[in-house]
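Asks: Okay, predicted coordinates and the sequence, questions at the end:
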Amino acid sequence: MVNFIQSWWDALNFDLQIFYGIAILALIVLCFQMIMTLFFGMDDASGGFDIADHDSGMGIFSVRGITAFFTGFGWTGVICIKGGLALIPTVAIAFGVGFSLMLIIYLMMRSLMRLQSNGKLDYSSAIGQIATVYVTISPVQRAGGQVEVMIQGRLTTAEALQKGSQPLAPGTKVKVVDKIGSSTLIVEPLD
């Protein structure tokens, strides 16, 4: 097997050796990246330097983008040389394909990064929602009560206070009218 590979490599002209070398090395790095991402969850989302998008942490010249460039550059060069194209047009076309792949990877990763959520609930989005008392809410804004309310599509249990003079028993339907602090809701009974 080694002799076959050695004889195949020696039979290639210098231009093809360069393009094959770049393509095979980039393909190995690409496979390594894919294995690390799939099995270990590692990626370069926090790496790379960025010339276009400073808030995503993912730059066009990341490891993933550069690997895509060299993969496209190398294999396009091999195809063009084998197709009989001269070296200068081959390099130009390979550069164009490599840059296009790098740009596509950058745009795809940027789109995927926008889908990420930090998981924090915005309790102010509960204002105006109907909630159900979960733990009795004492009168005159004394702590200890809780309600179940839909916040950002999730049924959430939140601390609740009320301004009324009568306690609100579990199961009572209430309306969220305000928010205090980061996650305490002010409720009032439905009429």
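Replies: Sure thing, it's come through.
Asks: Okay, and the residue sitting nearest the centre point of the chain sits in which element?
Replies: Taking C-alpha atoms, centre = their mean, the centroid of the chain lies closest to M113, which sits 2.9 Å from it. If you go by DSSP states H and E, M113 is part of helix 87-114.
Asks: quick one, what contacts P170?
Replies: 133-136 (C-beta atoms under 8 Å, 6 or more residues apart in numbering). C-beta coordinates here come from the backbone N, C-alpha and C atoms, glycine included.
Asks: Touching stretch 150-169 from outside, list them.
Replies: If you take C-beta under 8 Å, 6+ apart as the criterion, stretch 150-169 is touched by 121-123, 125-126, 129, 131, 133-134, 136-143, 145-149, 174, 180, 183-189.
Asks: likewise stretch 179-191?
Replies: If you take C-beta under 8 Å, 6+ apart as the criterion, stretch 179-191 is touched by 121, 123-124, 126-127, 130-131, 133, 137, 141, 147, 149, 158-164, 168, 172-178.
Asks: on that earlier part again, what two of the contacts of P170 are the furthest from one another?
Replies: Farthest pair in the contacts of P170 (C-beta to C-beta) is Y134 and T136. Separation: 8.9 Å.
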